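Novice: below is the structure, and that's it, no one-letter string:
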């Protein structure tokens, strides 16, 4: 193999290896970030929902909490499986690369050894001079001189190539050893999580069996909660429409568009709010998202479909509720047979905080980011402290989880 061809092959192989390593490295980082998030979520979930064994909870709430915990743990196990599988592919790839590098290194060493022998046999300066003097003409002598220089350079290049390959092989061996350690840790964690999952599934079975005879009654309770949620949705939709109409009328726009007509100040506020997507502070100091945005299944009865207009955050008992961004209190409402809700306007965006037992602000108040606006209602019957949190753009429902910072 010529020197030029060897280096082209080496560079091409290194580029391909770099692309593959970068892609796999990015995937591992992404999975590791997801894993850390799930670990934190489980930790918060245990602290908020399972640490106080003396706290009385309804069976339905216990089942919901356990079902949610099972879902989080299943996701955690899924992520560790993906990480382990990716590491297996990386380990296999590195082992093949190590085998290839060893072969290349041996070829380089053999070639270098042969060169040294040849160089030793013709190493004397006299033989080089004789080689030049025996030329038929100046042109041939010049070519022979260039050949001698090229051969010397080739020897140096071969030496550098051997060092490069040796270092590459050493680095890969270190990387491979680290990957094997990481994989073993993931396997052990996975086994531990699976054992815990089996226990939680058994606990859930026992609870489900305890309400089996009264499932009709509990299903009726779930449906009633769904009806209450629908009533809340209608009330919030009505309040938002009123707010849009009142704001636009004040601005001299009477045509109904379903959107806020923004003043320069309100437009600037909306732009700032939008720029903070994925970075907004949480409305409670500690919490876990127990119920996600959009369509899903009831945590208790899988046959019942739910469609959440926001997210439900399990918080500490009587937790303080904070505004996620600066704005102005658009309205405060108390839904029939339910608790209070505060709507804060941020330009053409709205953040909504429902299920409050105490309210510390009034309609028209200017609010700062992180300002305490109320307190979460703690249900003595169910043992829950749930904040219903929503975000709208005009009258369009958005997924609040995408707007909050990762904790």
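Specialist: Cool, got the structure. Keep in mind the model is a prediction, meaning the values are calculated, not measured. Residues are numbered from 1 along each chain as shown.
Novice: which residues does stretch 364-384 contact?
Specialist: Stretch 364-384 is contacted from outside by 55-58, 60-61, 281, 284, 314-315, 317-329, 339-340, 342, 344, 353, 355-361, 385-387, using C-beta atoms under 8 Å, 6 or more residues apart in numbering. To be clear about C-beta, it is placed using only N, CA and C from the backbone, and glycine gets the same treatment.
Novice: contacting residues around stretch 349-357?
Specialist: Around stretch 349-357, the neighbours that count as contacts under C-beta under 8 Å, 6+ apart are 232, 236, 240, 243, 270, 273-274, 283, 310, 318, 321, 323-325, 327, 330, 335, 338-344, 373-378, 386-393.
Novice: in that stretch, what counts as buried?
Specialist: For stretch 349-357, the neighbour count (16 or more other C-beta atoms under 10 Å) marks 349, 350, 351, 352, 353, 354, 355, 356 as buried.
Novice: which ones among the contacts of stretch 364-384 lie within strands?
Specialist: If you go by DSSP state E, these have 314-315, 320-322, 327-329, 340, 342, 344, 353, 355-359, 386-387 in strands.
Novice: so for stretch 185-192, mean pLDDT?
Specialist: Averaging pLDDT along stretch 185-192 yields 90.
Novice: next SSE downstream of the helix or strand in which residue 192 is found?
Specialist: Assigned by DSSP states H and E, residue 192 falls within helix 138-210. Sequence-wise, the next helix or strand downstream of helix 138-210 (DSSP H and E) is helix 215-250.
Novice: what residues sit buried inside that following helix?
Specialist: Quick answer for helix 215-250 (16+ other C-beta under 10 Å): 218-219, 222, 229, 232-233, 235-236, 239-240, 243-244, 247-248.
Novice: again with stretch 58-76
Specialist: Buried, per 16+ other C-beta under 10 Å, within stretch 58-76: 60-70, 72-76.
Novice: what is the nearest of these to residue 105?
Specialist: Of all the buried residues of stretch 58-76, residue 105 sits closest to residue 76, with 41.8 Å by C-beta to C-beta.
Novice: separation between that closest one and residue 175?
Specialist: Computed as C-beta to C-beta, to the nearest Å, the residue 76 to residue 175 distance reads 26 Å.
Novice: thinking again about what came up before, just the buried ones from the contacts of stretch 349-357, in ChimeraX syntax?
Specialist: Listed next is the ChimeraX selection for buried residues among the contacts of stretch 349-357, using 16+ other C-beta under 10 Å:
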select :232,236,240,243,270,273,283,310,321,323,324,325,327,330,335,338,339,340,341,342,343,344,373,374,375,376,377,378,386,387,388,389,390,391,392,393
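Novice: just the buried residues of stretch 349-357 now: which is nearest residue 205?
Specialist: Among those, residue 355 lies closest to residue 205 (C-beta to C-beta), at 30.3 Å.
Novice: name the residues that touch stretch 264-275?
Specialist: Contacts of stretch 264-275 (C-beta under 8 Å, 6+ apart): 260, 262, 325, 326, 327, 346, 347, 348, 349.
Novice: would you format the buried residues of helix 215-250 as CSV with pLDDT and distance to residue 168 included?
Specialist: As requested, the buried residues of helix 215-250 are exported to CSV (pLDDT from 0 to 100; distance: C-beta to C-beta, whole Å):
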residue, pLDDT, distance to residue 168
218, 69, 64
219, 70, 64
222, 72, 61
229, 81, 60
232, 85, 63
233, 88, 61
235, 88, 67
236, 88, 62
239, 88, 66
240, 90, 62
243, 89, 65
244, 89, 64
247, 86, 65
248, 86, 67
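Novice: would JSON lines of these with distance to residue 108 be doable?
Specialist: Shown next, in JSON lines, are those (distance: C-beta to C-beta, whole Å):
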{"residue": "218", "distance to residue 108": "74"}
{"residue": "219", "distance to residue 108": "74"}
{"residue": "222", "distance to residue 108": "71"}
{"residue": "229", "distance to residue 108": "71"}
{"residue": "232", "distance to residue 108": "74"}
{"residue": "233", "distance to residue 108": "72"}
{"residue": "235", "distance to residue 108": "77"}
{"residue": "236", "distance to residue 108": "73"}
{"residue": "239", "distance to residue 108": "76"}
{"residue": "240", "distance to residue 108": "73"}
{"residue": "243", "distance to residue 108": "75"}
{"residue": "244", "distance to residue 108": "74"}
{"residue": "247", "distance to residue 108": "76"}
{"residue": "248", "distance to residue 108": "77"}
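Novice: of the residues you listed, just say which sits nearest to residue 306.
Specialist: Among the buried residues of helix 215-250, residue 229 lies closest to residue 306 (C-beta to C-beta), at 7.6 Å.
Novice: ok, that closest one - contacts?
Specialist: Counting by C-beta under 8 Å, 6+ apart, residue 229 touches 306, 308, 309.
Novice: by neighbour count, which of those residues wins?
Specialist: For those, the largest neighbour count, defined by other C-beta atoms under 10 Å, is 21 neighbours, found at residue 309.
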